[in-house]
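Chemist: Next one to model:
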Amino acid sequence: MRSSLGRIFAAGALLFAGAMFAERANATTATAQFNVTATVLGNCAVSATDMAFGNYSANSGAALPATSILSVTCTTGTTYAVALDGGTNAANVAARSMTDGSSHNLPYGLYTTNAYTSIWGDGTGGTVTQSGTGNGSAQSLTVYGRVPASQFVTAGSYSDRITVTVTY
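Modeler: Model prediction:
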């Protein structure tokens, strides 16, 4: 009797499973769609390495060069212009100078190439800016600095701080 009862339960379970499968096979569905949107804004980010001239000797008779690397990252297709201000010690970008913290100044210049002919500034007073178009990746721009030769200024440590502005 036990094996008959077990067979009956097994057969019932198979019938129930088959009925459930048939029920699902005959099920209907409904669908919907939705839109996914975003607006990408033109953006830029900028970073810069420090420019270190090192030791300067007026007796050397040679100008002292140094560089800084700017990294500009803009969204693809975004046009930008990079300007450099006059620093914390100069009245304008064509007359930059480092100071020793008191009244002593050491003039220097920032340029767009190592030919030192185009002053990199804000586009005023004969200075130029650097421009480009973003591609979504970091783009490197080199700032060429030079301390002119034979400046017999007071010995000490001199510094300045330049602000980089990216307009897009």
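Chemist: in the chain, what spans have low per-residue confidence?
Modeler: Along the chain, the model assigns pLDDT under 70 to residues 1-25.
Chemist: Strands of that one, start to end?
Modeler: Read by DSSP state E, the chain holds these strands, from start to end of the chain: 44-48, 64-74, 79-84, 97-99, 105-107, 109-111, 130-133, 138-147, 164-167.
Chemist: With mean neighbour count and distance to Ala27 as added columns, please give the ones you listed in TSV.
Modeler: For every residue, glycine as well, the C-beta is placed using N, CA and C. Shown next, in TSV, are the strands of the chain (neighbours: other Cβ atoms under 10 Å; distance: least, Cβ to Cβ, whole Å):
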stretch	mean neighbour count	distance to Ala27
strand 44-48	14	53
strand 64-74	17	52
strand 79-84	19	56
strand 97-99	20	79
strand 105-107	19	84
strand 109-111	22	73
strand 130-133	15	55
strand 138-147	17	54
strand 164-167	16	58
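Chemist: buried sites along stretch 53-66?
Modeler: With burial defined by 16 or more other Cβ atoms under 10 Å, the residues of stretch 53-66 counted as buried are Phe53, Tyr56, Ala63, Leu64, Ala66.
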